[in-house]
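1. When you get a sec, could you give me coordinates for this:
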Amino acid sequence: MRQWNKVKASLDAHPDDRLVIDGYPTQQENQLILMATNCVSVAMQRAQKEQQRMGAGTSRMQRTKRRGMHDEPESNTIHAAIYARVSTDDQVQGTSLESQVEACHAYARSHGLVVWQSHVFVDGGVSGTLLERPALDAMREVVRTRAVQAIIVYALDRLSRVLWHQSMLIDEWKKLGCTFIPCARRLRRPQKVSSCVRSWGRLRSGSVRRSATA
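-> The predicted structure follows:
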């Protein structure tokens, strides 16, 4: 743009140089025309690059918007939600919300699952026989948006104490591509084989002694 301003100022300062002698431009006018052409070419190239850059930015924004609308997770990342529940009786028996949530977090960490704080749902003092619960309803809405691909609970009865409620919820989430994980059973260590063999040996020896005395 500065070069074009110089060309324009030169033409305005020397109007006679723009005269055509015998039908041909003067040498100085040829130089000015060449400079002006170069300026226009450079300006067009810059405008084209700027348009391409803006178009690429718009495409990225559109892809980001579509990803946000459908809540598509990042590749190679599995997002999970945690659900915990206690009733008054459960609290008396020592099943606390904190222990449930911590166990679920431990399972998620050990299996590489990502749990956002906004995806931790807790129903405190709510009976497990009820299907409509504030935190459970909120988690079902999150699953419908496909923002999570797994639901972690401490035990199956934390989800519900009604069998057909459990079956309905698990089937609903399965259709949405969401896996249900009761982590308490998976966190427990299996009994060692040696202890099983010893137990079986004691039982067998006892049965042999009983048969001998009989």
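2. need the strands for the chain, in chain order.
-> For the chain, the strands defined by DSSP state E occupy 20-21, 24-25, 80-86, 120-124, 150-153, 179-182.
3. what angle sits between the fourth one and strand 80-86?
-> Note on geometry: by axes from the mean of the first three to the mean of the last three Cα atoms, to 10 degrees, strand 120-124 and strand 80-86 are set 10 degrees apart in direction.
4. sorry, back to before: would you reformat the strands of the chain as JSON lines and include mean pLDDT, mean neighbour count and distance to residue 98?
-> Just so you know, the C-beta spots here come from the backbone N, C-alpha and C atoms, and that holds for glycine as well. Output for the strands of the chain, formatted as JSON lines (pLDDT from 0 to 100; neighbours: other Cβ atoms under 10 Å; distance: least, Cβ to Cβ, whole Å):
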{"stretch": "strand 20-21", "mean pLDDT": "44", "mean neighbour count": "9", "distance to residue 98": "92"}
{"stretch": "strand 24-25", "mean pLDDT": "52", "mean neighbour count": "12", "distance to residue 98": "88"}
{"stretch": "strand 80-86", "mean pLDDT": "96", "mean neighbour count": "26", "distance to residue 98": "9"}
{"stretch": "strand 120-124", "mean pLDDT": "95", "mean neighbour count": "19", "distance to residue 98": "10"}
{"stretch": "strand 150-153", "mean pLDDT": "97", "mean neighbour count": "25", "distance to residue 98": "15"}
{"stretch": "strand 179-182", "mean pLDDT": "96", "mean neighbour count": "18", "distance to residue 98": "18"}
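5. Distance to residue 100 added to these, as CSV?
-> Shown next, in CSV, are those (distance: least, Cβ to Cβ, whole Å):
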stretch, distance to residue 100
strand 20-21, 92
strand 24-25, 88
strand 80-86, 4
strand 120-124, 8
strand 150-153, 8
strand 179-182, 11
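6. Between those, which one is closest to residue 106.
-> Shortest distance between residue 106 and the strands of the chain, using Cβ to Cβ, is found for strand 150-153: 9.9 Å.
7. re earlier: for the strands of the chain, which one sits closest to residue 134?
-> strand 120-124 (6.6 Å).
8. Break this protein down into its structural domains.
-> Domain assignment of the chain by automatic domain parsing yields the ranges 2-70, 80-187.
9. By mean pLDDT, show me the worst of those domains.
-> Here the lowest mean pLDDT among those goes to domain 2-70, at a mean of 61.
10. the helices in the protein, which residues?
-> Taking DSSP state H, the helices of the chain run over residues 2-13, 27-70, 88-92, 97-110, 134-144, 156-159, 163-175, 183-187, 193-213.
11. helices or strands next to the fourth one in the packing?
-> Judged by 3 or more Cβ pairs under 8 Å, 6 or more residues apart in numbering; DSSP states H and E, helix 97-110 is in contact with strand 80-86, strand 120-124, strand 150-153, helix 183-187.
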